[in-house]
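Trainee: pasted the sequence and its predicted model underneath.
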Amino acid sequence: MILTFPHMGNMYIALRVLLEALGRSYIVPPLPSKRTLELGVRYSPETACLPLKINLGDFIEALDHGADTVLVIGGGGPCRFGYYGIIQEQILRDLGYDVTFYYFSQDTKEDFVEMFRHISRGKSLLTIWRAFKFGLRKLSAIEHIEELTRRTRPVCKDPPTLERLQEKYLRAIDDAGGYLRVFALERRARREFASMPKRELPEGEPLRVGVVGELYVVLERFVNFDLERRLGHMGVLVTRPVSLSAWLHHKMTVGGASEEDTREAAKAYAGEYLAYDAGGESLVTVGQTVRLAKKGYDGIVHLMPFTCMPEIVAQNILTRVSEELKIPVLTLIFDEHTGEAGILTRLEAFVDLMARKHARVALQHR
Ligand code: SF4
């Protein structure tokens, strides 16, 4: 049995730890590409959301490389997410693949543990727990490196070297065999990122922007055209409260999410704007927009797949949040027809608008 799983940002680094410790063979799907998208789009229902299509492309590529078993998250709604796996399994079988799907229910912590027990073929709970803890530790280190990169980008004099530095540390964390090595890498990364040559920004301080939205399009660089990197190199300091750690904290009360990135914090900030969880990341989108607006951020970039029900709910509420809390919000919608040039043009115009507003407010305070 050779396992595979959906690609989403750098998640594979943490999942790889888990599967290796559980003694399972696996294939990491190739990085999503135009071909992945084309395969997914060709065989998916037209109205399915983009993550379903690209993940289907991931699975086809991994199955063609020899995988025969797919791990997916299943479980309840309220959106279509719970049905992804079932639909993908049916499509792959219709295409002639002899594939087995394992569904992780996302409903309770016990469901996750049961699933790990199943795929580990009877490994002890202690072994599973140790593997899981080390996977979480690597996940937190990955997110730490991503955060260092985000903070350095707006003031970095040498963007290509910075991007290479990030890749170097992500690879090293992927290869790290124990806690001490991961810890040492993080310490060294902090020093190396801090010593990158800095440039002076014309306005002194970078613009501060929050990136929120549906988990997959926020985390997967291929889908969002590497939006965080582009904003960073336009001199924007990006805060991204959406992360896999925050999601795991919400689902299993584990993971290294900071207090203010948790679902509870988002719910408290969302307050009367959204009093219940409308699914996906909708509560986080609204709550974090309110939090960042109150902290004086210059703007919010909201990312969502076309027809994503929870984010459509959030999008409508963000119109009111934007008006009442005086924070500009740019919603970008992604599907297979979304073009890079269009996204870039809108991003540049948005940054321009925020910069002018920032300068006006600074003048008024002189
Ligand atoms: S959150 Fe949105 S994109 Fe994700 S499965 Fe639900 S409807 Fe689709």
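Mentor: That came in fine, so what should we check first?

Trainee: give the contact list for residue 209.
Mentor: For residue 209, the contact set (CB atoms under 8 Å, 6 or more residues apart in numbering) comprises 231, 236, 237, 238, 239, 297, 298, 299, 300, 301, 354. For glycine as for every other residue, the C-beta is placed from the backbone atoms N, C-alpha and C.

Trainee: go with 6 Å
Mentor: Listed by CB atoms under 6 Å, 6 or more residues apart in numbering, the contact set of residue 209 reads 236, 238, 299.

Trainee: which SS class is it?
Mentor: strand (DSSP: H, G, I helix; E, B strand; the rest coil).

Trainee: report the beta-bridge partners for it.
Mentor: residue 238, residue 299 (DSSP bridges).

Trainee: in a markdown table: the contacts of residue 209, plus neighbour count.
Mentor: Shown next, in a markdown table, are those (neighbours: other CB atoms under 10 Å):
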| residue | neighbour count |
| --- | --- |
| 236 | 25 |
| 238 | 23 |
| 299 | 24 |
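
Trainee: measure residue 86 to the ligand for me?
Mentor: 13 Å (CB to the nearest ligand atom, to the nearest Å).

Trainee: count of neighbours near that residue?
Mentor: 13 (other CB atoms under 10 Å).

Trainee: again with residue 312
Mentor: Counted with other CB under 10 Å, residues neighbouring residue 312 total 16.

Trainee: from here on, call the first residue 58.
Mentor: Got it, first residue is 58 now, which makes that one residue 369.

Trainee: that one - that's part of a helix, no?
Mentor: Yes. Counting by three-state DSSP, residue 369 is found in a helix.

Trainee: who are the contact partners of it?
Mentor: If you count contacts by CB under 6 Å, 6+ apart, residue 369 has none.

Trainee: which one is residue 290 nearest to, not counting chain neighbours?
Mentor: With CB to CB, 6 or more residues apart in numbering as the criterion, residue 290 has its nearest non-adjacent residue at 5.1 Å, and that residue is residue 216.

Trainee: is it true that that neighbour touches residue 291?
Mentor: No. Applying CB atoms under 6 Å, one finds residue 216 not in contact with residue 291, separated by 10.7 Å.

Trainee: so these two - more neighbours on which side?
Mentor: Higher neighbour count among residue 216 and residue 291: residue 291, with 19 against 13, using other CB under 10 Å.

Trainee: what about the nearest residue to residue 255 once chain neighbours are set aside, how many neighbours?
Mentor: Of all residues not flanking residue 255 in the chain, residue 212 sits nearest, at 4.6 Å (CB to CB, 6+ apart). The number of residues packed near residue 212 is 17, by other CB under 10 Å.

Trainee: who's in contact with the residue of the stretch 158-307 of the chain found nearest the ligand?
Mentor: Closest residue of the stretch 158-307 of the chain to the ligand, CB to the nearest ligand atom: residue 271 (5.1 Å). Residues in contact with residue 271 (CB under 6 Å, 6+ apart) are 337, 338, 361, 362, 365, 368.

Trainee: would you format the residues you listed as TSV with neighbour count, pLDDT and distance to residue 384 included?
Mentor: Listed next are the contacts of residue 271 as TSV, based on neighbours: other CB atoms under 10 Å; pLDDT from 0 to 100; distance: CB to CB, whole Å:
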residue	neighbour count	pLDDT	distance to residue 384
337	26	89	21
338	31	93	18
361	28	98	18
362	24	97	23
365	29	95	22
368	29	97	18
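
Trainee: of those residues, which are in range of the ligand?
Mentor: Taking CB under 6 Å from any ligand atom as the test, the ligand is in contact with 337, 362, 365, 368 out of the contacts of residue 271.

Trainee: chain neighbours aside, what residue packs nearest to the residue most central in space within the chain?
Mentor: In the chain, the residue lying closest to the centroid (CA atoms, centre = their mean) is residue 276, at 2.4 Å. Counting by CB to CB, 6+ apart, residue 276 lies nearest to residue 66, which is 3.6 Å off, once chain neighbours are set aside.

Trainee: the one you found: neighbour count?
Mentor: So residue 66, with other CB under 10 Å, has 19 neighbours.
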